[in-house]
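Participant: Below is the sequence, then the predicted model.
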Amino acid sequence: MIVKNRKTKETDITVELEIYAEGKSKIKTGIGFFDHMLEAFSKHSLINLDIKCDGDLHIDGHHTVEDVGIVLGMALKDSIYPLEKVERYGNSVVAMDEAAVECVLDLSNRAFLVYDSIKDGMIGDFDVELTQEFFRALAFNAGITLHINMLRGENKHHIVEATFKAFAVALRRALAKNEKMGTPSTKGIL
């Protein structure tokens, strides 16, 4: 179990994370739809996740969503590296009704994000443009090369939920144990 905390003038966040678990979660960010997405991520990645965030929601959800991505990314980094005896690469396409979203990732310890998906609108109290902000913060703090591409979709809820689930499944696949891999890099270390 990894525990990470971060307190700023805008947010106070605690993340408890356990990879190779059951996908159980307790999420409380103050943004209902975002909580739902993090619960879906936990369930489909099989990562146990406890997140508590007290953010400046009287302003908007930006700081809360981005900062949760930062702290979750830091917890993932501490859990993943140094990388040994895992697949390293993961990919997934998740369909949700009319929507299909692809996620391809590399546990490279080099951060990069390519995000080609929905960027505007509201889902309840969640600003859709924050989806990209969340994944940027997570990827850069976790040291993950992350590509997210919407293949098709119309319903904002379906697209964003398929995004979180596709990331979860790709991450689960990248973290799959493979004793033959040793250090999964020709460099000898990641």
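Facilitator: Okay, I see it.

Participant: Spatially nearest residue to residue 1 (excluding sequence neighbours)?
Facilitator: Closest residue in space to residue 1, ignoring its immediate chain neighbours: residue 18 at 4.8 Å, by Cβ to Cβ, 6 or more residues apart in numbering. C-beta: built from backbone N, CA, C; applies to glycine.

Participant: where's that neighbour relative to residue 88, distance?
Facilitator: 20 Å (Cβ to Cβ, to the nearest Å).

Participant: So what pairs up with the residue nearest to residue 1 in the strands?
Facilitator: Beta-bridge partners for residue 18, by DSSP bridges, are residue 48.

Participant: isn't it right up against residue 42?
Facilitator: No - contact criterion Cβ atoms under 8 Å: residue 18 and residue 42 do not qualify, at 10.0 Å.

Participant: Which one of these two is surrounded by more residues?
Facilitator: residue 42 (24 against 16; other Cβ atoms under 10 Å).

Participant: Give the residues shared as contacts by residue 18 and residue 42.
Facilitator: Contact with both residue 18 and residue 42 is made by residues 48-49, according to Cβ atoms under 8 Å, 6 or more residues apart in numbering.

Participant: and residue 25, what pLDDT?
Facilitator: As predicted, residue 25 sits at a pLDDT of 98.

Participant: contacting residues for the nearest residue to it once chain neighbours are set aside?
Facilitator: Once flanking residues are discounted, residue 25 sits nearest to residue 42: 3.7 Å by Cβ to Cβ, 6+ apart. Neighbouring residues of residue 42 by Cβ under 8 Å, 6+ apart: 23-25, 27, 48-49, 168.

Participant: switch the cut-off to 10 Å
Facilitator: 17, 21-27, 48-51, 164, 168 (Cβ atoms under 10 Å, 6 or more residues apart in numbering).

Participant: Kindly report the same for residue 94.
Facilitator: Shown in contact with residue 94 (Cβ under 10 Å, 6+ apart): 40, 44, 100-103, 151, 158, 161-170.

Participant: same question, residue 86
Facilitator: Residues near residue 86 by Cβ under 10 Å, 6+ apart: 19, 80, 107, 173-179, 181, 183-184.

Participant: backbone phi and psi for it, please?
Facilitator: Main-chain torsions, residue 86, degrees, to the nearest 10: phi -130, psi 170.

Participant: What's opposite it in the beta bridge?
Facilitator: Note on residue 86: beta-bridge partners residue 177, judged by DSSP bridges.

Participant: Tell me the predicted confidence for it.
Facilitator: In this model, residue 86 is scored at 96, pLDDT.
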